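>>> turn this into a model:
(one chain, ligands or ions: 1)
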Amino acid sequence: MLVSNNGIGRAVVDITGKLSRSTRNLKASEVREILALTEGKRVLSLAGGLPGPEVFPKDDLARIASRVIEELGDSALQYSPTLGVRPFREAVMDFLRSKGVKVESDDDVIVTTGSQEAIYLLAMTIINPGDTIIVESPTYLAALNVFRYYGADFVSVPIDENGMRVELLEQKIREAIQKGLKPKLIYTVATCHNPTGVIMPNERRKELLEVASKYDLLVIEDDPYSFFVFDDISFTHLKTLDSEGRVIYLSTFSKILAPGLRLGYMLANRQLVRTVELAKQMVDLHSSTLSQYIALYAIREGVVDKTIQRAREAYKVKRDVLVESLKEYMPKGSQWYKPRGGLFSFVYLPNGIDTSEMLQMAIDKGVAYVPGKNFFSDGSGTNAMRINFSYLPADKLRLGIKLIAETVMSYMKSKGIMAS
Ligand SMILES: Cc1ncc(COP(=O)(O)O)c(C=O)c1O
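Okay, here's the model as predicted:
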């Protein structure tokens with residue numbers, strides 16, 4: 001039956017009543033919505049987690065892409081195994097070892113379409129409705145959305161300048177169990193946390209693993225950013241500290257080569273990788289063969305390591321510009337963690353400010369950020385915002401912060417909020 005009018009005078013089928021129950025609950029990703037909203041407009045975007053385009057190794061990738069097609073076209077343009085192309089998976093394991101990530105003899109790697117797909121496949125294979133996931137508060141919003149879609153409950157552990165406050169973890173787990181919840185896994189961005197940029201020290205990592213062991217929890221170590229540690233801070237990956245095969249390590253080529261390649265991966269015990277492989281067979285058969293060969297050559301030729309170094313240097317400069325600009329422009333009572341690495345800073349504004357409500361004002365002024373409440377499983381964080389500092393050139397970044405600060409000031413005035 002043709003029922004609705006799509007605005008151009010053509011009657012089309014109304015699909016509302018035909019959607020599955022789970023689809024009806026789908027929530028838009030606020031970051032992706034903001035990206036769409038600002039597309040084509042003269043808006044300085046501090047919203048997405050975009051790498052600085054100056055960091056992309058464009059010439060190297062152009063040369064490599066053409067070489068891959070010339071030399072390996074018959075395989076590089078073809079379907080390939082669900083786990084990923086073997087030489088690429090081996091190169092990923094060697095690459096990880098070179099970065100201090102321990103690869104056990106019974107581990108395996110599966111290549112995914114960005115690490116976002118790895119999160120999705122893990123949720124699909126691990127989570128039953130009602131399972132409880134322990135997350136940092138705040139945490140990566142797109143992981144929350146996936147876990148929520150699969151019916152997870154959350155226990156949030158607050159963070160400080162050293163990441164998850166692990167001293168609260170056990171008590172939180174006990175309380176959850178007493179309430180009848182079923183904690184199953186801990187999801188953490190322990191290194192260069194999204195959205196705050198903080199790094200968890202080793203003592204906390206060891207304690208986290210002890211608690212995980214005591215309560216038999218899996219641990220997802222989501223690690224897109226450990227390549228970009230700016231200050232002299234040492235840490236050991238949870239995957240490396242783990243001796244029980246309970247850490248599932250995720251990472252990506254999005255920030256160290258190019259997100260357009262859509263290449264991520266998961267390193268974990270072979271048994272779990274096999275299950276994720278079965279799930280992936282249903283989702284997309286395999287990730288782009290061409291991208292995998294391009295990334296393989298880029299690793300072999302040192303392009304990835306060169307890009308990491310370039311990005312780390314560029315982002316450290318921008319981080320410093322960000323921190324100076326925040327200090328200079330933000331109203332009294334604003335607080336943030338100095339990002340020790342990664343791409344983001346999380347800013348708490350004076351109480352009473354609703355950053356979701358304020359966003360349109362900011363966009364009208366020509367700047368965008370992500371409202372803080374998206375990063376909390378319990379809807380808190382209304383007065384916070386995530387600011388990306390990797391994408392814009394330094395002068396625009398500075399201007400962006402200034403425009404945000406001006407927006408905050410106008411908003412506070414319009415609501416009669418006093419700076420504390
Ligand atoms: C913590 C975290 N995990 C996963 C992802 C997904 O990245 P991708 O799918 O591009 O690998 C991101 C992207 O920004 C992220 O910040």
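>>> quick one: the helices in the stretch 151-300 of the chain?
169-178, 202-214, 238-241, 270-283, 289-300 (DSSP state H, counting those that start in this stretch).
>>> chain neighbours aside, what residue packs nearest to L208?
Nearest non-adjacent residue to L208, counting by CB to CB, 6 or more residues apart in numbering: V166, 5.0 Å away. For the C-beta atoms, the positions are set from N, CA and C on the backbone; glycine is no exception.
>>> if we can go back for a sec, out of the helices of the stretch 151-300 of the chain, nearest to I110?
helix 270-283 (5.1 Å; CB to CB).
>>> so A368 touches K41, yeah?
No. The criterion here is CB atoms under 8 Å, and A368 misses it with K41 at 9.1 Å.
>>> who has more neighbours, the two?
Ranked by neighbour count (other CB atoms under 10 Å), A368 and K41 place A368 first, with 25 against 10.
>>> the more buried one: what's it in contact with?
Contacts for A368 (CB atoms under 8 Å, 6 or more residues apart in numbering) come out as 34, 37-38, 43-47, 359, 362.
>>> same check on T289?
Here T289 is in contact with 75-80, 85 (CB under 8 Å, 6+ apart).
>>> one more time with 7 Å
By CB atoms under 7 Å, 6 or more residues apart in numbering, the contact list for T289 reads 76, 78-80, 85.
>>> with respect to the ligand, which of these is nearest?
V85 (17.7 Å; CB to the nearest ligand atom).
>>> can you check the pLDDT for that closest one?
pLDDT recorded at V85 is 98.
>>> got the phi/psi numbers for it?
Main-chain dihedrals, V85, degrees, to the nearest 10: phi -70, psi 130.
>>> and for it, nearest residue in space, chain neighbours not counted?
Closest to V85 by CB to CB, 6+ apart is Q292, at 4.6 Å.
>>> if I look at that neighbour, how far off is L83?
Going from Q292 to L83 by CB to CB, to the nearest Å gives 11 Å.
>>> more crowded one of these two?
Between Q292 and L83, Q292 has the larger neighbour count (other CB under 10 Å), namely 27 against 21.
>>> surely the more buried one meets G84?
Yes. Between Q292 and G84 there is a contact under CB atoms under 7 Å: 6.1 Å.
>>> mutual contacts of these two, please.
V111.
>>> now stretch 101-118: how far from the chain's centre is it?
Distance, stretch centre to chain centre, for stretch 101-118: 16 Å (CA atoms, centre = their mean, to the nearest Å).
>>> contacts only, for G341.
Contacts for G341 (CB under 7 Å, 6+ apart) come out as 191-192, 197, 199, 225, 228-230.
>>> just A143 next, same as before
By CB under 7 Å, 6+ apart, the contact list for A143 reads 119, 187, 222.
>>> for it, helix, strand, or coil?
helix (DSSP: H, G, I helix; E, B strand; the rest coil).
>>> for the residue nearest the centre of the chain, which non-adjacent residue is closest in space?
Taking CA atoms, centre = their mean, the centroid of the chain lies closest to Y140, which sits 5.3 Å from it. Spatial nearest neighbour of Y140, excluding adjacent residues (CB to CB, 6+ apart): N194 at 4.7 Å.
>>> for the one you found, grab the count of nearby residues.
Burial of N194 is recorded as 24 neighbouring residues (other CB under 10 Å).
>>> next: D160.
Using other CB under 10 Å, D160 has 10 neighbouring residues.
>>> try T382
The burial count for T382: 17, using other CB under 10 Å.
>>> cool, and A212?
23.
>>> now do the contacts for it.
By CB under 7 Å, 6+ apart, the neighbours of A212 are 186, 219, 246.
>>> going by distance to G114, which of the residues you listed wins?
Of all those, G114 sits closest to V219, with 20.7 Å by CB to CB.
>>> dump the residue contacts of the closest one.
Applying CB under 7 Å, 6+ apart, we find V219 in contact with 185-186, 188, 212, 238, 246-248.
>>> for G372, which non-adjacent residue is closest in space?
Per CB to CB, 6+ apart, closest to G372 is A384, 2.7 Å.
>>> same question, Y215
Leaving aside its chain neighbours, Y215 sits nearest to I173 (5.4 Å; criterion: CB to CB, 6+ apart).
>>> next one: the one you found from the ligand, what distance?
Distance, I173 to the ligand, using CB to the nearest ligand atom, to the nearest Å: 22 Å.
>>> count the neighbours of the nearest residue to E167 once chain neighbours are set aside for me.
Spatial nearest neighbour of E167, excluding adjacent residues (CB to CB, 6+ apart): E207 at 7.5 Å. Using other CB under 10 Å, E207 has 16 neighbouring residues.
>>> quickly list what T132 is bridged to.
For T132, the beta-bridge partners are D153, P183 (DSSP bridges).
>>> contact partners for it?
So T132 contacts 152-155, 176, 181-184 (CB under 7 Å, 6+ apart).
>>> which of these has the most neighbours?
Highest neighbour count within the contacts of T132, by other CB under 10 Å: A152, with 23 neighbours.
>>> how much space is there between the closest residue to that one other than its chain neighbours and A143?
Distance criterion CB to CB, 6+ apart; nearest residue to A152, sequence neighbours excluded, is I133 at 4.8 Å. Relative to A143, I133 is positioned 9 Å away (CB to CB).
>>> show me which residues of the stretch 151-300 of the chain are close to the ligand?
With CB under 6 Å from any ligand atom as the criterion, the stretch 151-300 of the chain comes near the ligand at residues 189, 194, 222, 224, 252, 254, 259, 264.
>>> the third one pairs with what?
If I follow you right, that is D222. Assigned bridge partners for D222, using DSSP bridges, are L250.
>>> and it, how many neighbours?
Using other CB under 10 Å, D222 has 27 neighbouring residues.
>>> so it makes contact with I248?
No. D222 is beyond contact range of I248, at 9.0 Å (criterion: CB under 7 Å).
>>> picking that back up, which residues are in contact with both of I133 and A143?
Y187.
>>> tell me the phi and psi of the residue of the stretch 101-250 of the chain found nearest the ligand?
Closest residue of the stretch 101-250 of the chain to the ligand, CB to the nearest ligand atom: G114 (2.5 Å). Phi and psi for G114, reported as degrees, to the nearest 10, are phi 80, psi 160.
>>> now do the one 3 residues further on
Phi and psi for E117, reported as degrees, to the nearest 10, are phi -70, psi -40.
>>> whether stretch 83-102 contacts the ligand - can you check?
No. For stretch 83-102, no contact with the ligand is found by CB under 6 Å from any ligand atom; the gap never falls below 13.2 Å.
>>> now that stretch - C-alpha only, CSV.
The C-alpha trace of stretch 83-102 is given here as CSV (Å, rounded to 0.1, in the frame of the first residue of the first chain):
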residue,chain,number,x,y,z
LEU,A,83,39.7,-13.7,8.4
GLY,A,84,41.7,-11.4,6.1
VAL,A,85,44.5,-11.9,3.6
ARG,A,86,47.2,-14.1,5.2
PRO,A,87,50.3,-12.0,4.5
PHE,A,88,48.5,-8.9,5.8
ARG,A,89,47.4,-10.7,9.0
GLU,A,90,51.0,-11.9,9.6
ALA,A,91,52.3,-8.3,9.0
VAL,A,92,49.7,-7.0,11.5
MET,A,93,50.9,-9.5,14.1
ASP,A,94,54.6,-8.5,13.5
PHE,A,95,53.6,-4.8,13.6
LEU,A,96,51.8,-5.3,16.9
ARG,A,97,54.8,-7.2,18.4
SER,A,98,57.0,-4.2,17.3
LYS,A,99,54.7,-1.9,19.3
GLY,A,100,54.9,-4.0,22.5
VAL,A,101,51.6,-5.9,22.1
LYS,A,102,52.1,-9.6,23.1
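>>> okay then, goodbye and thanks.
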